[in-house]
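Visitor: mind looking at a prediction? Sequence and model below.
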Amino acid sequence: MPGLDTSYDVHKIVENIGRLSADLLAETCQQILNYLQGHTKGVDSTEISDRFQRSGVSLDQDTIQNITRYLLLTFRSAGKSNLSGDELVLRLEDGCTKWPRAILQVMHRLWSEQGPLVHAQQDAQAILSIGQLVDMQWKLGMAVSSDTCRSLNSPYVSLLLKIAHPSGHICQRSFEMTIPQFQNFHKQFKEMAAVLETV
């Protein structure tokens with residue numbers, strides 16, 4: 001269904017999904033749907049693996065990750081296309097004929113209930129489409145040569161920001177500021193924090 005990596009064998013993944021109980025599949029899908037709705041920061045494959053083992057499903061870590069990725073891509077793609085539960089099931093059946101009926105019923109029920117919420121979250125992310133500040137480090141230094149400082153031996157602040165983009169890619173940005181620039185930056189950050197607390 002979704003644009004899966006060629007290393008995935010969709011039929012094998014569907015066969016492995018078919019080994020799950022309806023309850024275990026529902027728990028796994030719920031964790032993925034919570035992430036896609038913006039309720040959690042990610043999908044914890046270790047937690048999913050532990051649930052599988054506690055339920056007596058013996059699958060290796062790579063297989064569990066392939067199942068998780070497939071379900072994540074399936075729900076993400078369905079959200080972008082704003083599919084109904086019936087349309088999702090039809091797409092799944094078109095992609096592979098090995099889907100057990102009980103599994104499709106779980107997917108249909110969960111998507112019918114939560115698909116619109118995933119779609120709304122994706123619309124909001126597309127509109128905002130901004131990165132998230134993951135880490136910020138700073139250090140105080142003394143300028144020996146600089147484009148912005150007029151005299152040498154002027155103090156400056158060096159900032160390193162790590163930003164997670166909506167695609168999942170994390171990039172780093174670094175820059176230097178004079179002390180007055182840093183004080184202004186700090187003041188603006190405090191104002192933003194105060195506004196965010198009221199939201």
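Guide: Arrived safely. Numbers count the residues shown, from 1 in each chain.

Visitor: three-state assignment of the most centrally placed residue in the chain?
Guide: Here the mean C-alpha position of the chain is nearest to the C-alpha of G42 (CA atoms, centre = their mean), at a distance of 5.1 Å. Under DSSP: H, G, I helix; E, B strand; the rest coil, the three-state class of G42 is coil.

Visitor: which parts of whichever strand or helix holds Q105 are buried?
Guide: Taking DSSP states H and E as the definition, Q105 sits inside helix 101-128. Within helix 101-128, the residues scored as buried using 16 or more other CB atoms under 10 Å are 103-104, 106-108, 110-111, 114-115, 117-119, 121-122. In short, each C-beta sits where N, CA and C put it, glycine included.

Visitor: elements contacting it?
Guide: With contacts taken as 3 or more CB pairs under 8 Å, 6 or more residues apart in numbering; DSSP states H and E, helix 101-128 sits against helix 22-36, helix 61-81, helix 85-95.

Visitor: residue ranges in this protein under the pLDDT threshold?
Guide: 1-8, 125-129, 143, 145-152, 166-168, 199 (pLDDT under 70).

Visitor: could you list the domains of it?
Guide: 10-128, 132-198 (automatic domain parsing).

Visitor: for P180, give its distance to R173.
Guide: For P180, the distance to R173 equals 21 Å [CB to CB, to the nearest Å].

Visitor: err, A164, not the other one
Guide: A164 is 12 Å from R173, by CB to CB.

Visitor: mind checking which of the two has more residues around it?
Guide: A164 (15 against 10; other CB atoms under 10 Å).
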